[in-house]
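**Q** Sequence and predicted structure, then a few things I'm wondering about:
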Amino acid sequence: MPKLLDRKARRDEAYEANRDHWLNELRIIEAQRRTIAEGGGEKAAARQRKHGKLLARERVETLIDDGSEFLELGSFAAWEIYEEWGGAPGAGVVTGLGKVSGRECVVVANDATVKAGAWFPLTCKKILRAQDFSLENRLPIIYLVDSAGVFLPMQDEIFPDRDHFGRVFYNNARLSAEGIYQISAIMGSCVAGGAYLPIMSDEALIVEGTGTIFLAGSHLVQAAIGEKMDNQELGGAEVQVDISGVVDDRFPDDQAAIEHIRARMAELAQPVLAPFDRIETRPPLVDPEELLGLMPVDRSRPYSTHDLLGRILDGSEFTEYKATYGRTMICGTGRIGGWAVGIVANDRQIVHRRRGLEQGDREMQIGGVIYSDAADKGARFVELMNQKGIPLVFLQDVTGFMVGSKSEREGIIKDGAKLVNVVANSVVPKITLFIGNSFGAGNYALCGRAYGARFYYAWPSASISVMGGQQASKTLLAIQLKNRGDDVGDEEKARLLAEIQARYDAANDPRYAAARLWIDEIIDPRRSREVIIRSLDAAAHQPEIAPFKVGVLQT
């Protein structure tokens, strides 16, 4: 029978301190997100409006259904990365999920206020990730194109490699071949290689007077062959619709083009959804607002993962799997938004197990660490969810696999490899939520970025790195001091350690991960249910589940 996870929060001093801290962090993150949404600033926005163009986010808001919410993904992309070039807020492109004429869609909108919509390396990575959302979840994708093309000073980091610029057009071809609808509206510049994106879409529109599409602009044409003409004469709406036939239709303004996209989306055949089980949704029995008070600021302090789950799952009901075995990992089933889900999470409390090397031995285990029995249990559970066709939700607060002679003798590498293998080969949708630490191979085992989850989200408390900051800092200091002998005094050692720790802490901030698209979005913990439900809704747009199989597993 399901267990009720409805324990009331103890609103003591620690609870209030946690809550105040995370509320303040969320205020800072939201203020930074508002700054990102300003793009290239008011002057650049004014220039866009002067030409009768809507801004990128105005286009998105006009596109999506009234009363619906655009789930922006990748908002912190390129955060504090391209400062030598004046910055690239949001990597100069807006991406996310939006409902258009009742259909869940992926939306990609160039922000022409950021370097004229030029593509930085992370712009390319962000658009490729958006195409992943479309391809993996079989969602239609809408491109609102307004871009000057590759940011030339960084062309060597965006043009020639496998996952660079050309991969976007490769994905265009694959999406179309898979029957996943793509439609593009050329609302500004669309030049050089970038011209292939809308024309490799299933349908392409263009806005008169502002939209242009060509392989080379007027200045390059004049330099190359001596031909003089302006950009509209070269590749404006009349040329590319009426004469060349490259583009399908032309429209007088952004609004008209967007209305046409909405009309096209309304005509699409209804998708065949996956057979994942869903019933009527129920709210948790305990308030999700309490998540902020329950999550400790000090990442070394224990807490109850069950208490967190009680504020995420429907009816706060959870059917735990092997509850008394491998207790540093929590596995079980419940529902989120009515969808049946399998939960794989770390237990951050200090727990005990009753079986050791000898009968009756009682050994302490540390919460957040994956032991051999926990890895074995997790692997078995992931296999079971694939057998039953139940999507998986991973909650990561893991410090890695247990080390030491005892763990090696128990076969920790073998059991860890088994878990990583089944996670890699899982065919049901996977959604990963980083709620705390995500260190070392624990990141892999619980479906980190390399392991193909449909969506990755992080709380402000998340920290992703190869090991904890304190351990890493001491290791790096030891390496630095190795060849310096005894000449370094305690004061100098303390200074060096503080510098290393500060650098490492900065890299552990979730904004650092979000800037590099290791995660799709930083979310308010109180919105976890809402965001996971939206993700499960999107993931259900696949018609069937592929057969589950794994390779060789050592037992």
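**A** Happy to help now that I have it.
**Q** C-alpha only now, for contacts and for neighbours.
**A** Will do.
**Q** phi, psi of A78?
**A** phi 70, psi 20 (degrees, to the nearest 10).
**Q** What is the neighbour count of the residue nearest to it when sequence neighbours are not counted?
**A** In space, and not counting its chain neighbours, A78 is closest to A515: 4.6 Å by CA to CA, 6 or more residues apart in numbering. Per other CA atoms under 10 Å, the neighbour tally for A515 reads 23.
**Q** What of M1?
**A** Using other CA under 10 Å, M1 has 7 neighbouring residues.
**Q** For the nearest residue to it once chain neighbours are set aside, give me its contacts.
**A** In space, and not counting its chain neighbours, M1 is closest to T319: 6.5 Å by CA to CA, 6+ apart. Taking CA atoms under 8 Å, 6 or more residues apart in numbering as the criterion, T319 is in contact with 1-3, 332-334.
**Q** Okay, and the beta partners of T319?
**A** Going by DSSP bridges, T319 is paired in beta bridges with T333.
**Q** cool, the one 10 residues further on as well?
**A** When bridges are assigned using DSSP bridges, the partners listed for M329 are N346.
**Q** What are the buried residues along stretch 398-416?
**A** The neighbour-count check on stretch 398-416 (16 or more other CA atoms under 10 Å) flags 398-402, 411-416 as buried.
**Q** Next step: those restricted to helices.
**A** 412-416 (DSSP state H).
**Q** How is K228 assigned, secondary-structure-wise?
**A** Following DSSP: H, G, I helix; E, B strand; the rest coil, we place K228 in the coil state.
**Q** Give me the three-state assignment for the closest residue to it other than its chain neighbours.
**A** Of all residues not flanking K228 in the chain, Q222 sits nearest, at 5.5 Å (CA to CA, 6+ apart). Assigned by three-state DSSP, the conformation of Q222 is helix.
**Q** how many neighbours does Q222 have?
**A** Counted with other CA under 10 Å, residues neighbouring Q222 total 13.
**Q** what about D248, distance to I370?
**A** If you measure D248 against I370 using CA to CA, to the nearest Å, the figure is 56 Å.
**Q** out of those two, which sits in the more crowded spot?
**A** Neighbour totals were compared for D248 and I370, and I370 leads with 30 against 15 (other CA under 10 Å).
**Q** got the contact list for that one?
**A** 328-329, 398-402, 442.
**Q** what does P252 give?
**A** With CA under 8 Å, 6+ apart, P252 has these contacts: 207-209.
**Q** So it versus D111, what's the distance?
**A** Applying CA to CA to P252 and D111 gives a distance of 20 Å.
**Q** in stretch 24-43, what counts as buried?
**A** Across stretch 24-43, burial judged by 16+ other CA under 10 Å covers 26, 29, 36-40.
**Q** again, but for stretch 291-303
**A** Buried residues in stretch 291-303 (16+ other CA under 10 Å): 291-297, 299, 302-303.
**Q** Which ones among the contacts of P252 lie within strands?
**A** V207 (DSSP state E).
**Q** In CSV: the contacts of P252, plus pLDDT.
**A** Listed next are the contacts of P252 as CSV, based on pLDDT from 0 to 100:
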residue, pLDDT
V207, 97
E208, 97
G209, 95
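**Q** Make CSV out of the contacts of P252 and add neighbour count and distance to D314.
**A** Shown next, in CSV, are the contacts of P252 (neighbours: other CA atoms under 10 Å; distance: CA to CA, whole Å):
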residue, neighbour count, distance to D314
V207, 25, 46
E208, 20, 50
G209, 17, 52
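**Q** Can you spell out which helices and strands pack onto the helix or strand L122 falls within?
**A** Secondary structure assignment for L122, by DSSP states H and E: helix 121-137. With contacts taken as 3 or more CA pairs under 8 Å, 6 or more residues apart in numbering; DSSP states H and E, helix 121-137 sits against strand 93-100, strand 103-110, helix 165-177, helix 528-539.
**Q** Make JSON lines out of the ones you listed and add mean pLDDT.
**A** Converted to JSON lines, the helices and strands packed on helix 121-137 look like this (pLDDT from 0 to 100):
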{"stretch": "strand 93-100", "mean pLDDT": "98"}
{"stretch": "strand 103-110", "mean pLDDT": "98"}
{"stretch": "helix 165-177", "mean pLDDT": "95"}
{"stretch": "helix 528-539", "mean pLDDT": "98"}
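**Q** Tabulate these (TSV), appending mean neighbour count.
**A** Shown next, in TSV, are the helices and strands packed on helix 121-137 (neighbours: other CA atoms under 10 Å):
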stretch	mean neighbour count
strand 93-100	25
strand 103-110	25
helix 165-177	18
helix 528-539	19
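**Q** so Q365 sits right up against T328, yeah?
**A** Yes: assessed by CA atoms under 8 Å, Q365 is found in contact with T328 at 7.3 Å.
**Q** hmm, back to that, distance of the residue nearest to M1 relative to Y371?
**A** For T319, the distance to Y371 equals 22 Å [CA to CA].
**Q** Show me the helices in the stretch 301-450 of the chain, by range?
**A** Using DSSP state H, counting those that start in this stretch, the helices of the stretch 301-450 of the chain run over 305-310, 372-388, 405-410, 412-425, 440-445.
**Q** next one: the last one to chain centre, how far?
**A** Same thing as helix 440-445. Distance of helix 440-445 from its chain centroid, counting by CA atoms, centre = their mean, to the nearest Å, is 17 Å.
**Q** Now it: average pLDDT?
**A** The average pLDDT within helix 440-445 is 92.
**Q** quick one: low-confidence parts of this protein?
**A** Regions of the chain meeting the criterion pLDDT under 70 cover residues 352-363, 466-488, 493, 555.
**Q** longest helix anywhere in it?
**A** helix 13-37.
**Q** quick one: contacts of the following helix or strand past it?
**A** Per DSSP H and E, the first helix or strand lying C-terminal to helix 13-37 is helix 42-50. Outside helix 42-50, the residues that touch it by CA under 8 Å, 6+ apart are 54-55, 112-114.
**Q** What strand or helix carries the nearest residue to K414 once chain neighbours are set aside?
**A** Excluding the flanking residues, the one nearest K414 by CA to CA, 6+ apart is Q554, at 6.3 Å. Per DSSP H and E: Q554 is located in neither a helix nor a strand.
**Q** now the strands for the stretch 401-550 of the chain?
**A** For the stretch 401-550 of the chain, the strands defined by DSSP state E, counting those that start in this stretch occupy 430-439, 455-458, 463-465, 521-522.
**Q** With distance to F214 and mean neighbour count as extra columns, can I get those strands in JSON lines?
**A** Below are the strands of the stretch 401-550 of the chain laid out as JSON lines (distance: least, CA to CA, whole Å; neighbours: other CA atoms under 10 Å):
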{"stretch": "strand 430-439", "distance to F214": "40", "mean neighbour count": "25"}
{"stretch": "strand 455-458", "distance to F214": "35", "mean neighbour count": "26"}
{"stretch": "strand 463-465", "distance to F214": "42", "mean neighbour count": "25"}
{"stretch": "strand 521-522", "distance to F214": "34", "mean neighbour count": "26"}
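**Q** looking at these, which is closest to L384?
**A** strand 430-439 (13.9 Å; CA to CA).
**Q** Show me what that closest one is packed against.
**A** Counting contacts by 3+ CA pairs under 8 Å, 6+ apart, strand 430-439 packs against strand 392-398, strand 455-458, strand 463-465.
**Q** follow-up on the earlier one: since we're on the residue nearest to K414, how many residues are nearby?
**A** 8.
**Q** any idea what sits nearest F251, other than its immediate chain neighbours?
**A** Distance criterion CA to CA, 6+ apart; nearest residue to F251, sequence neighbours excluded, is V207 at 5.0 Å.
**Q** on that earlier part again, tell me, what's touching Q365 and T328 both at once?
**A** Joint contacts of Q365 and T328 (CA under 8 Å, 6+ apart) are V351.
**Q** Of those two, which one has the most company?
**A** Between Q365 and T328, T328 has the larger neighbour count (other CA under 10 Å), namely 28 against 18.
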